[in-house]
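Enquirer: okay, here's the prediction I keep looking at, along with the sequence it came from:
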Amino acid sequence: MDTQFGKPFAHTLVKSGWKKRSVFFELPYWKSLYVRHFLDVMHIEKNVFESVIGTLLNIQGKSKDGLKARKDLIAMGIRTELGPLKKGKRTYLPPAAYTLSRKEKKTLCKFLSEVKVPEGYSSDIRRLVSMKDLKLKSLKTHDCHVIMEHFLPIGIRSILPEKVRSSITKLCSFFKSICSKVINPAILPMLQKEIVITLCELEMFFPPSFFDIMVHLVAHLVKETQLCGPAYMRWMYPVERYMKILKGYVKNRSRPEGCMVERYIVEEAIEFCTEYLSNVQSIGLPKSQLVEKKEGKNLIGNKIVAVSRVERDQVHLYVLHNENEVEPYVEIHKDVLRGLNPNRNENWIVREHNRCFIPWFKDHIYSKYYSDPASITERLRCLAYGPSFHVFSYSAYAINGYTFYTKEQDDKSTMQNSGVTVVAEAMHISSVKDLNPKFANLSYFGVIERIWVFDYEKFQIPIFGCKWVENNNGIRMDKSGFLQVDLNRVGYKDESFILASQARQVFYVNDPKSTKWSIVLFSNKVIDENTGDQGDIDVEIESFTRNDQDENNISNDSYIRNDHNEGKMAIMKSIIRARGKGCSKVSIDICLDGDALLSSSLIRVDDDAGYLKVSLYDNGTCPSKHISILSSKDKGSMLASYIGFLVRQHIPITCDNWRSPDLKPCIVGRI
């Protein structure tokens with residue numbers, strides 16, 4: 001490790017291995033650390049996702065499959081059926097297990113282009129999809145995180161062979177488990193075993209070039225979680241966000257560090273001074289907004305509507321059944337009904353209680369209030385009197401840390417905030433003759449159609465009117481573990497109202513496998529009561545072992561696609577230098593892309609009276625395109641721009657039949 005650096009000592013440097021001993025080893029505790037360098041889960045997940053999606057969609061520059069990768073297979077003596085084949089002047093790559101046909105690419109991109117997420121869940125996924133090029137673009141790190149863990153397993157449900165699809169889904173589920181905020185240490189050894197098996201399965205389908213250092217580091221994430229705790233406590237998301245804040249401090253670009261230091265010190269001083277000032281909020285996110293968003297605040301629309309007596313009684317009965325002060329009176333009323341009707345079963349008692357509880361409760365409370373006013377609280381008296389028939393109607397409402405929209409407002413918005421779920425106690429009976437029904441908690445899913453705020457004189461209660469999915473035939477869990485709902489199968493029309501404080505946000509994405517069903521995903525936005533922080537939560541942490549295939553039932557031809565023959569032509573690059581009078585030397589990279597629609601084409605350059613005409617021909621399958629260059633000194637740059645345009649349009653280009661005495665092409669290199 002006693003290495004001398006610099007040009008005079010360059011010949012003495014070792015050619016491989018470590019060249020320098022890190023200064024951190026001089027720290028006394030460094031040798032005893034279990035983990036000396038954190039593995040950043042954020043960037044590992046991003047790079048793995050880009051490798052997966054780039055290979056599936058064959059995105060140029062991101063795909064791990066190509067001519068070199070196929071030649072590596074031949075050199076290694078494996079999967080020789082996938083070796084490159086010569087077809088005339090082109091090289092054809094047979095479809096591998098992960099090769100998507102054009103129809104499958106459209107299916108995946110169409111699914112992502114139709115995804116609408118709730119407010120604060122992620123960026124607009126639809127803006128990241130290019131249906132013209134069938135690829136994803138402008139991906140941020142968090143976009144990769146969301147698509148990898150939530151949308152990619154759904155998007156590939158109807159494409160790819162089952163074994164490949166299952167392996168990719170297990171990889172996505174692993175990242176979802178390892179990025180959870182709450183992790184059971186007992187399942188970590190099982191996660192480690194399963195991710196090793198998953199990587200081995202991926203090796204059977206993807207080329208060796210896919211398995212770079214980032215894919216290898218996935219196998220070490222579980223061990224680091226055991227030593228260092230959940231990934232969210234040490235990944236780079238908060239660091240990257242704070243770097244944006246520090247960059248915003250820079251006003252003098254010639255002294256960026258000084259700007260950051262000065263403004264940071266000023267902010268710290270002001271923060272310290274606010275502790276000694278009354279009625280002054282500290283710097284940061286105003287607490288009033290957090291409180292309003294948690295306790296309830298109307299956002300869009302403010303109309304007064306009149307409700308019918310049936311709807312008013314439905315809401316009022318639901319409010320009474322969900323008030324702690326009213327709960328003892330509910331049992332009293334049922335006992336009264338049982339005493340008056342000893343021969344009736346429990347099912348009849350519940351129906352009769354719902355029918356006549358409101359007038360009985362009002363009479364009972366007011367009789368006690370007149371005899372002993374101190375025994376009845378103000379809230380209980382207002383509840384007994386009931387709400388007004390005129391209510392406030394809104395299109396958007398914020399409560400519990402979520403932003404809720406009505407379905408009508410959702411259709412006009414770029415976000416999906418109308419999905420809702422609630423856990424309620426339901427009466428279960430086996431048949432009409434069942435005399436002893438059982439009560440159990442059950443989850444209900446639906447969309448919000450109305451947002452009403454009922455006035456109880458001294459206080460107001462927000463209510464959501466929802467269209468609920470019928471639980472018996474409208475909700476199911478498929479064998480892959482996805483919760484599916486049929487939004488067209490509506491039930492519980494007589495019990496459509498819930499308290500806004502009980503609502504939890506969900507959103508629905510179309511199932512690519514079936515247009516009838518939608519898949520339920522839970523919103524990740526929540527406000528911590530103690531810190532006011534917002535973050536991702538997981539509804540349920542499951543092992544990612546759910547697999548439709550038998551791990552031992554993988555045949556030798558699993559790496560070949562037999563259901564379609566849409567391979568691809570090898571992408572080759574030619575470097576062309578244009579030399580001519582009055583123009584500088586220009587180097588142009590031309591990509592010969594076999595996925596383009598045109599079969600053959602050529603570029604012809606003509607020098608005609610001081611004008612340079614560049615024409616594109618394709619043997620009559622497409623009309624010619626012309627461009628004229630008005631100045632001879634711009635010949636080289638304009639030619640480069642035009643050929644670059646052709647390359648971006650994925651138009652195949654050959655270098656035959658160039659005709660110009662002043663501007664002659666010369667192929668100086670081919671890759």
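Expert: Received it, and whenever you're ready, just let me know what you need. The shown structure was predicted, so the numbers you read here are calculated from the model rather than taken from an experiment. Numbers count the residues shown, from 1 in each chain.
Enquirer: just the helices in the stretch 251-400 of the chain please.
Expert: According to DSSP state H, counting those that start in this stretch, the stretch 251-400 of the chain carries its helices in the segments 256-274, 287-295, 309-321, 327-340, 346-371, 378-385.
Enquirer: check the gap between the closest residue to residue 203 other than its chain neighbours and residue 219 for me.
Expert: Take residue 203 and drop its neighbours on the chain: the residue closest to it by Cβ to Cβ, 6 or more residues apart in numbering is residue 211, 6.7 Å away. Every residue, glycine included, has its C-beta placed from N, CA and C. Distance, residue 211 to residue 219, by Cβ to Cβ, to the nearest Å: 11 Å.
Enquirer: then stretch 29-42 to PDB, C-alphas only?
Expert: Provided in PDB are the C-alpha atoms of stretch 29-42 (Å, rounded to 0.1, in the frame of the first residue of the first chain):
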ATOM      1  CA  TYR A  29     -12.800   1.600  15.300                       C
ATOM      2  CA  TRP A  30     -12.800   1.100  11.500                       C
ATOM      3  CA  LYS A  31     -11.600  -2.500  11.600                       C
ATOM      4  CA  SER A  32     -14.300  -3.500  14.100                       C
ATOM      5  CA  LEU A  33     -17.200  -2.200  12.000                       C
ATOM      6  CA  TYR A  34     -19.500  -4.900  10.500                       C
ATOM      7  CA  VAL A  35     -20.500  -2.600   7.600                       C
ATOM      8  CA  ARG A  36     -17.900  -0.100   6.400                       C
ATOM      9  CA  HIS A  37     -19.800   1.100   3.400                       C
ATOM     10  CA  PHE A  38     -23.600   1.300   3.000                       C
ATOM     11  CA  LEU A  39     -25.100  -0.200  -0.100                       C
ATOM     12  CA  ASP A  40     -27.500   2.400  -1.400                       C
ATOM     13  CA  VAL A  41     -30.800   0.600  -2.000                       C
ATOM     14  CA  MET A  42     -32.200   3.600  -4.000                       C
END
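Enquirer: what comes into contact with that stretch?
Expert: Contacts with stretch 29-42, where a contact means Cβ atoms under 8 Å, 6 or more residues apart in numbering, come from 24-25, 141, 145, 178-179, 217, 220-221, 224, 227-228, 231, 234-237, 240.
Enquirer: how about the longest strand belonging to the chain as PDB, C-alpha atoms only?
Expert: When the chain is parsed with DSSP state E, its longest strand is strand 438-455. Written as PDB, here are the backbone C-alpha positions of strand 438-455 (Å, rounded to 0.1, in the frame of the first residue of the first chain):
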ATOM      1  CA  LYS A 438     -72.300 -13.600  13.400                       C
ATOM      2  CA  PHE A 439     -70.600 -10.200  13.300                       C
ATOM      3  CA  ALA A 440     -67.100  -9.800  11.900                       C
ATOM      4  CA  ASN A 441     -64.900  -7.100  10.400                       C
ATOM      5  CA  LEU A 442     -64.900  -7.000   6.600                       C
ATOM      6  CA  SER A 443     -63.100  -4.700   4.100                       C
ATOM      7  CA  TYR A 444     -65.200  -2.800   1.500                       C
ATOM      8  CA  PHE A 445     -63.900  -1.100  -1.600                       C
ATOM      9  CA  GLY A 446     -65.500   1.500  -3.700                       C
ATOM     10  CA  VAL A 447     -65.400   5.000  -5.200                       C
ATOM     11  CA  ILE A 448     -66.600   8.300  -3.800                       C
ATOM     12  CA  GLU A 449     -69.600   9.800  -5.500                       C
ATOM     13  CA  ARG A 450     -70.600  12.500  -3.000                       C
ATOM     14  CA  ILE A 451     -68.800  14.500  -0.300                       C
ATOM     15  CA  TRP A 452     -71.300  16.000   2.100                       C
ATOM     16  CA  VAL A 453     -70.800  17.900   5.400                       C
ATOM     17  CA  PHE A 454     -73.800  17.500   7.700                       C
ATOM     18  CA  ASP A 455     -74.500  20.300  10.200                       C
END
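Enquirer: now, which of the contacts of stretch 29-42 lie within helices?
Expert: 141, 145, 178, 217, 221, 224, 227, 228, 237, 240 (DSSP state H).
Enquirer: and these, which is closest to residue 338?
Expert: Checking those against residue 338 by Cβ to Cβ gives residue 178 as the nearest, at 53.9 Å.
Enquirer: spatially nearest residue to the closest one, not counting backbone neighbours?
Expert: residue 221 (5.3 Å).
Enquirer: what strands line up against the longest strand of the chain, and which way round?
Expert: strand 390-394 (antiparallel), strand 419-428 (antiparallel), strand 460-469 (antiparallel) (DSSP bridges).
Enquirer: quick one: the shortest one to helix 309-321, angle?
Expert: Here strand 390-394 runs at an angle of 80 degrees relative to helix 309-321 (axes from the mean of the first three to the mean of the last three Cα atoms, to 10 degrees).
Enquirer: which residues does the most centrally placed residue in the chain contact?
Expert: In the chain, the centroid-proximal residue (Cα atoms, centre = their mean) is residue 146; its distance is 2.8 Å. When contacts are counted by Cβ under 8 Å, 6+ apart, residue 146 touches 117, 121, 122, 125.
Enquirer: what do residue 211 and residue 219 both touch?
Expert: residue 199.
Enquirer: now the contacts of residue 146: which count as buried?
Expert: 117, 121, 122, 125 (16 or more other Cβ atoms under 10 Å).
Enquirer: how about the residues you listed, which pair is most distant?
Expert: Taking every pair in those and measuring Cβ to Cβ, the maximum separation is 9.4 Å, between 121 and 125.
Enquirer: any idea how far residue 465 lies from residue 486?
Expert: Counting by Cβ to Cβ, the gap from residue 465 to residue 486 is 20 Å.
Enquirer: and the strands paired with strand 438-455, which is most packed in?
Expert: Comparing the strands paired with strand 438-455 by mean neighbour count (mean count of other Cβ atoms under 10 Å), strand 460-469 ranks first with a mean of 22.
Enquirer: mind picking out the helix or strand in the chain with the poorest mean pLDDT?
Expert: strand 625-629 (a mean of 33; mean pLDDT, DSSP states H and E).
Enquirer: where's the residue nearest to the centre of the chain relative to residue 456, distance?
Expert: Distance from residue 146 to residue 456, by Cβ to Cβ: 41 Å.
Enquirer: ok, residue 72 next?
Expert: On the measure of Cβ to Cβ, residue 72 and residue 456 end up 73 Å apart.
Enquirer: same question, residue 368
Expert: Using Cβ to Cβ, which is the criterion applied here, residue 368 is 19 Å from residue 456.
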